[in-house]
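A.B. asks: pasting the structure only:
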Ligand SMILES: *[C@@H]1O[C@H](CO)[C@@H](O)[C@H](O)[C@H]1NC(C)=O
């Protein structure tokens, strides 16, 4: 009602008609009317608006056996001077070190905001043992799953990547309704990911803070994922941890394009065979879940925003055999990766610099998030 009145007033006062947009939205903070080119979601983090950003509360490890425990705690996520900080801390600071190898965590809470958000992969309850300790790092992952999701639009996030060995920051989007089935059938849009190591090389290439990447995940099953055909990285010898950069997504009914500071990083423009052909799945004997979608399927449905800081993991994002001043303390095939990582802390903890400046170096910092309709 008020939006309608304001819309009419706006038209009367400014004489600007609302040109309808192909962009669609939903959520508690989505606009009622979507006008072409209008800003449809924004946060400049002058305060921490938990109506927009829901915290994950889980030990799940993101499906990659990552080492962090995501929680809603102002040690790990806060706003200060107009910036959002996602800051890692040690689980042992809260529970003591012995707890890691003998304690029991059941993080399911009674209040709506305290519910465990991901029970998969032992995400709500774990018991630590000496060979398989409890998640040794606390961190945060926040999302607009209830407040805002959208289909097609432009996104710009101004952010500074963290520095610290084995830190894995990400700003990304996941499907709101899994319209084509569970991951990766409904897609995943990774606006930016990086690695916090300041001196890590893989085959002579710096893959730490000097690299930022964007990726699409799509495919009928986890082991049929076409991400390698929609993955791009850029190198910046100054390091993405040294300054804020603008990470940008342009998502239309024809193409998806990633840019950093207005310079295109990569794009996909699927043909009539869509992402099915792009992924090379047409040669496989599997049913196409996107066959009744558009050529952009699965990227023709609504997605929501996620900002998180993960650590480690065993999926190969941190390859075995990289060269790092202190070698990687776990193998990706190790059944004791959590313990191995923790036992190597004299190597990585000093690089996080947590004791100076409230851990700002190791924090993923976000100045703003902005989304516009096409
Ligand atoms: C939040 O985290 C800090 C640091 O680990 C811890 O001391 C505190 O107990 C936590 N608060 C709650 C309510 O869990």
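C.D. replies: Ah, there it is. Fair warning: this is a prediction, and the values are worked out from it, not measured in the lab.
A.B. asks: In contact with residue 368, which residues?
C.D. replies: Applying Cβ atoms under 8 Å, 6 or more residues apart in numbering, we find residue 368 in contact with 42-45, 156-158. (Glycine included, C-beta is placed from N, CA and C.)
A.B. asks: cool, residue 345 as well?
C.D. replies: Counting by Cβ under 8 Å, 6+ apart, residue 345 touches residue 136.
A.B. asks: next one: residue 88
C.D. replies: 68, 76, 137-139, 162, 164, 167, 309, 311, 352, 354, 359, 362-363.
A.B. asks: Could I have the buried ones of the contacts of residue 368 as ChimeraX selection syntax?
C.D. replies: In ChimeraX, this line selects whichever of those come out buried by 16 or more other Cβ atoms under 10 Å:
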select :43,45,156,157,158
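A.B. asks: pretty sure residue 67 contacts residue 133?
C.D. replies: No - between residue 67 and residue 133 there is no contact under Cβ atoms under 8 Å: 9.5 Å.
A.B. asks: which neighbours do those two share?
C.D. replies: Common neighbours of residue 67 and residue 133 (Cβ under 8 Å, 6+ apart) are residue 338.
A.B. asks: In TSV, list the contacts of residue 368 along with secondary structure, distance to the ligand and pLDDT.
C.D. replies: Output for the contacts of residue 368, formatted as TSV (DSSP: H, G, I helix; E, B strand; the rest coil; distance: Cβ to the nearest ligand atom, whole Å; pLDDT from 0 to 100):
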residue	secondary structure	distance to the ligand	pLDDT
42	strand	29	98
43	strand	23	98
44	coil	25	98
45	coil	20	98
156	strand	31	99
157	strand	26	99
158	strand	27	99
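A.B. asks: returning to that earlier point: identify, from the contacts of residue 88, the entry nearest to residue 239.
C.D. replies: residue 162 (10.9 Å; Cβ to Cβ).
A.B. asks: So residue 339: helix, strand or coil?
C.D. replies: Classification of residue 339 using DSSP: H, G, I helix; E, B strand; the rest coil returns helix.
A.B. asks: contacting residues for it?
C.D. replies: With contact set as Cβ under 8 Å, 6+ apart, residue 339 has these partners: 101, 130-133.
A.B. asks: Also near the ligand: which of the residues you listed, exactly?
C.D. replies: When Cβ under 6 Å from any ligand atom is applied, no member of the contacts of residue 339 is adjacent to the ligand.
A.B. asks: and those, which are buried?
C.D. replies: If we count by 16+ other Cβ under 10 Å, the contacts of residue 339 have these buried: 101, 133.
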